[in-house]
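Asks: Next come a sequence and a model predicted from it.
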Amino acid sequence: MTLLVRPPAQAAPTPRARRAVPVVLGSAAAGVLLAVLWSFDLVDGVIGKTVADTLLGHDAKADAIGGTVAGLVFAFVSGLAGTFTACNIAMAASVGPMSQVSRTGRGSAGLRAVVRPVCWLAVGMLAVSATYGFVGVLVGDQLPQLSSASAAGIPLRLWQAMVVFGVIGLVFTAVGAASLGLLPDPFAQRRVARVVTLGALVGGFLVGRPFPLFGKLFRWAVDTGNPLYGAGAFALQSLGNIAVVSVLFTLVVLVTRGRVIDWLTVDPVRGMTLSGSLLVTLGVFTVVYWDIRLPAMFGHGWFPVMPYNG
């Protein structure tokens with residue numbers, strides 16, 4: 001006698017997951033479009049360099065770092081200058097998750113509640129960036145990030161960037177899809193953990209960053225031979241990276257007296273949709289920019305080039 005065994009029934013997609021599909025597709029398309037339109041000459045060469053030169057009062061790229069204190073100042077300023085570079089812009093996606101762990105209120109209690117999510121973001125970020133600064137000084141020139149060699153026509157420092165940002169971009173995209181309900185969400189009941197995790201990913205940007213001013217800081221830290229100095233310098237670089245977004249986030253919440261947070265949290269679906277769409281958009285941008293557009297610049301594959309990018 002033959003026994004017929006029915007395959008296990010597959011669960012139908014939940015209504016939330018079905019609604020998430022167009023949001024994910026639209027956000028992914030926005031990320032690809034952003035990667036096409038992005039001008040690294042404008043963001044890195046004009047905005048970043050102008051900000052650094054203005055704040056330091058000299059040519060940040062050409063002039064030597066003048067000592068230990070000057071190096072720490074350079075670390076924060078160069079991080080601030082790199083706020084909106086392609087190797088840092090994805091941190092803007094943390095705004096949505098930060099809003100979900102805020103609690104509004106009046107007076108100093110309200111201010112403390114607004115600063116709370118920024119502090120949690122910094123906890124995850126500094127744990128990674130300071131550790132990398134410490135280890136980076138010990139390892140030194142053995143890191144591809146500090147190498148002048150190339151492989152397949154691509155500098156090794158860019159190979160490291162492609163690997164690191166490719167992984168980070170995929171994680172951002174997955175966390176965003178989970179926030180939207182398309183994937184299981186490990187942070188559904190752990191909103192603080194979501195912010196700390198995103199902070200760790202933001203700290204991980206330094207592991208792949210090819211931004212010239214960061215390379216100069218890294219080389220200076222290695223030349224000191226002091227891993228504690230490297231940890232401090234990298235921590236300041238990361239704090240500079242999130243300073244603008246953190247200040248804007250705090251100002252918006254305080255000026256609106258918490259109405260923005262109330263608007264996002266009164267309807268959980270609304271807040272998660274904003275959070276998830278930002279994460280998917282910037283996660284896809286990070287993957288496409290670093291793992292498709294960048295190799296194409298060296299003759300590996302094809303990617304559309306805007307006239308202003310040459």
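Replies: Sure thing, it's come through.
Asks: in the stretch 1-150 of the chain, which spans are strands?
Replies: Assigned by DSSP state E, counting those that start in this stretch, the strands in the stretch 1-150 of the chain fall at 150-151.
Asks: which stretches of it aren't confidently modelled?
Replies: In the predicted model, the stretch 1-150 of the chain carries pLDDT under 70 at residues 1-17, 100-113.
Asks: So P210 lies in a strand, does it not?
Replies: No. With DSSP: H, G, I helix; E, B strand; the rest coil as the criterion, P210 is coil rather than part of a strand.
Asks: Model confidence for it, exactly?
Replies: Looking at P210, its pLDDT is 91.
Asks: Show the backbone phi and psi for it.
Replies: Dihedral angles of P210 (phi, psi; degrees, to the nearest 10) stand at phi -100, psi 10.
Asks: Tell me how many other residues crowd R18.
Replies: For R18, the neighbour count with other CB atoms under 10 Å is 12. C-beta here means a position set from N, CA and C on the backbone, and glycine is covered the same way.
Asks: What of the one 3 residues further on?
Replies: Taking other CB under 10 Å as the criterion, the count of residues near V21 is 14.
Asks: I'd like the mean pLDDT over the strand or helix carrying G276, please.
Replies: Using DSSP states H and E, G276 falls within helix 268-288. The average pLDDT within helix 268-288 is 88.
Asks: which helices and strands does that helix pack with?
Replies: helix 15-37, helix 95-99, helix 156-179, helix 259-265 (3 or more CB pairs under 8 Å, 6 or more residues apart in numbering; DSSP states H and E).
Asks: switch the cut-off to 6 Å
Replies: Packed against helix 268-288 by the contact rule (3 or more CB pairs under 6 Å, 6 or more residues apart in numbering; DSSP states H and E) you find helix 15-37, helix 95-99, helix 156-179.
Asks: For the last one, C-alpha coordinates in CSV please.
Replies: It stands for helix 156-179. What follows is helix 156-179 as a C-alpha-only set of coordinates in CSV (Å, rounded to 0.1, in the frame of the first residue of the first chain):
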residue,chain,number,x,y,z
LEU,A,156,43.5,47.2,-2.1
ARG,A,157,42.0,49.9,0.1
LEU,A,158,39.0,49.9,-2.3
TRP,A,159,38.7,46.2,-2.2
GLN,A,160,38.4,46.4,1.6
ALA,A,161,35.8,49.2,1.1
MET,A,162,33.8,47.0,-1.3
VAL,A,163,33.7,44.0,1.1
VAL,A,164,32.9,46.0,4.2
PHE,A,165,30.3,48.3,2.7
GLY,A,166,28.7,45.5,0.8
VAL,A,167,28.2,43.5,4.0
ILE,A,168,26.9,46.6,5.9
GLY,A,169,24.6,47.5,3.1
LEU,A,170,23.1,44.1,3.0
VAL,A,171,22.5,44.1,6.8
PHE,A,172,20.9,47.6,6.6
THR,A,173,18.6,46.3,3.8
ALA,A,174,17.7,43.1,5.8
VAL,A,175,17.0,45.1,9.0
GLY,A,176,14.8,47.5,6.9
ALA,A,177,12.9,44.6,5.3
ALA,A,178,12.4,43.1,8.8
SER,A,179,11.1,46.4,10.1
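Asks: Brilliant, that's me finished.
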